[in-house]
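Engineer: When you get a sec, could you give me coordinates for this:
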Amino acid sequence: MAALAVALFFLGVFFYSVYRTLWYGIGEWGLNKTVGWAWDITNFVWWVGIGHAGTLISAVLLLFRQKWRTSINRAAEAMTIFAVICAAMFPVLHMGRPWLAYWVFPLQNTFGSLWVNFNSPLLWDVFAISTYFTVSLVFWYTGLVPDFATIRDRAKGPIAKVAYSLLSMGWKGSAKHWSRYETVSLILAGVSTPLVLSVHTIVSMDFATSVVPGWHTTIFPPYFVAGAIFSGFAMVLTLMLITRVVFKLEDYITLEHIALMNKIMMVTGSIVGVAYITEFFIAWYSGVEFEQYAFINRATGPYWWAYWSMMTCNVISPQLVWFRRIRYSIPATFVLSIIVNIGMWFERFVIIVTSLHRDYLPSSWAMFSPSIIDIGIYVGTLGLFFTLFLLFAKFFPVINMAEVKSVLKYTVDNGPTYTGHDPHHTTPQTATHGVPASAPVNYDKHD
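Structural biologist: Numbering: from 1, shown residues only. Next comes the predicted model:
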């Protein structure tokens, strides 16, 4: 309740900041003639990136039959949906007149000849993100149906019984239902997997198809996708570590889950680090003085502090995961996940603002600093995100109960256990006396 109160307070800040933006216009933001994209588009790309891990955990790991995804996929999918909702706010508000947002669609001539430019990645964004949101929502809801039926059968209050009965859509747990459920899950996973790559690739093309020094580069699509998975996994870790403690889910979200997610974070962080170095190499190799200056200005210009914050958080800090003690440490992982998301926010800020504030003409150079409304909208979207996530955790099962049951073994002595080899012991555990579910597990050695 305390966390919800804080989230609702920041949600109130969001509504007030949006009211000021709509009533007084975009002049309430810190934008100027030189820096036309800034805090808002930085936040848009950051939120879209956070939304990537949910689909990756759900779809890609499902296709690769990775059983360790079962305890974390539900919360990750919910996080995806809430993050995309937060991201969608920024382009709509940036229009200045959101009540005319329907102008982005191909309209009849009775509205005037307002045909959209289908060659523009800004329009591709609309299609990619709306498709991504729709498929993620269907995937998330499909996975919830068996769990809704479980809650329906145990609900005591009449309102809860009716609500969960409607949500479970008549699920009976028959063989036919399970067969259809698994078929739909695989189809949705197959549809979702290309979306993981396409959405942030298209977001990166908003920049890469321009001629602005610092943006006009072909490395952006893979670099943005790796960065999105990197920041998404960091946010999943932040949320799941808190959920693990609050709901006492140590038996389901194990240390091994945390270690595996840390490894993915380290790999994607290393890819992002290579991309940063490659950008400098491309700028030098191109021989274009404007491109070279854009990168020198990032590292040594007035926004040097943002650049070096980005490098420290995104390149150096994930390398700590090489140490087993850090990889299996709850406090260290929690701090690291927050540092990574701070670093990824700075990355988007550096790409957008430092590339724009000094362009071809020194006479048009300008500095950007956010207004209180800019900050209010960003902090407010955090309030919106956590309000939605806390309500989800209150009324819906945070862990996919149906799928977790499929990887749990039940024994007379120990209750629910994971079979396999316990790295803290020298001898393998027997199936009868399996490793306690809270212990690290080697999932490659399942019976």
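
Engineer: CA atoms for contacts and neighbours, from now on please.
Structural biologist: Fine.

Engineer: Leaving out the residues flanking it, which one is nearest to residue 397?
Structural biologist: residue 147 (7.2 Å; CA to CA, 6 or more residues apart in numbering).

Engineer: ugh, wrong one, I meant residue 92
Structural biologist: Closest residue to residue 92 apart from its sequence neighbours, by CA to CA, 6+ apart: residue 98 at 5.6 Å.

Engineer: same question, residue 97
Structural biologist: Spatially, and ignoring its direct neighbours in sequence, residue 97 is nearest to residue 22 (7.3 Å; CA to CA, 6+ apart).

Engineer: Helix or strand: which one has the one you found?
Structural biologist: For residue 22, the element it lies in under DSSP states H and E is helix 2-24.

Engineer: residues of that helix that come out buried?
Structural biologist: 4, 7-8, 10-15, 17-18, 20-22 (16 or more other CA atoms under 10 Å).

Engineer: of all those, which comes closest to residue 71?
Structural biologist: Closest approach between the buried residues of helix 2-24 and residue 71, by CA to CA: residue 4, at 23.6 Å.

Engineer: Is it correct that the closest one is in contact with residue 387?
Structural biologist: Yes: using CA atoms under 8 Å, residue 4 is in contact with residue 387, at 6.1 Å.

Engineer: all helices of the stretch 251-400 of the chain, in order?
Structural biologist: For the stretch 251-400 of the chain, helices defined by DSSP state H, counting those that start in this stretch occupy the ranges 255-286, 289-300, 304-311, 324-327, 330-356, 372-395.

Engineer: Can you tell me which helices and strands whatever helix or strand the residue nearest to residue 397 lives in packs against?
Structural biologist: In the assignment (DSSP H and E), residue 147 maps to helix 121-154. Secondary-structure packing of helix 121-154 (3 or more CA pairs under 8 Å, 6 or more residues apart in numbering; DSSP states H and E): helix 73-94, helix 158-168, helix 175-208, helix 401-407.

Engineer: Pick out the residue closest to the middle of this structure.
Structural biologist: For the chain, the residue nearest the mean C-alpha position is residue 50 (1.8 Å; CA atoms, centre = their mean).

Engineer: Throw the helices of the stretch 251-400 of the chain into CSV and include mean pLDDT, mean neighbour count and distance to residue 199, thanks.
Structural biologist: Shown next, in CSV, are the helices of the stretch 251-400 of the chain (pLDDT from 0 to 100; neighbours: other CA atoms under 10 Å; distance: least, CA to CA, whole Å):
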stretch, mean pLDDT, mean neighbour count, distance to residue 199
helix 255-286, 89, 18, 17
helix 289-300, 90, 18, 26
helix 304-311, 92, 19, 23
helix 324-327, 88, 14, 30
helix 330-356, 92, 22, 16
helix 372-395, 91, 19, 20
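
Engineer: Then residue 170 would be within a strand, right?
Structural biologist: No: in this structure, residue 170 is coil, not part of a strand, as judged by DSSP: H, G, I helix; E, B strand; the rest coil.

Engineer: Report how many residues lie close to it.
Structural biologist: 14 (other CA atoms under 10 Å).

Engineer: what does the one 4 residues further on give?
Structural biologist: The local packing of residue 174 (other CA under 10 Å) involves 8 other residues.
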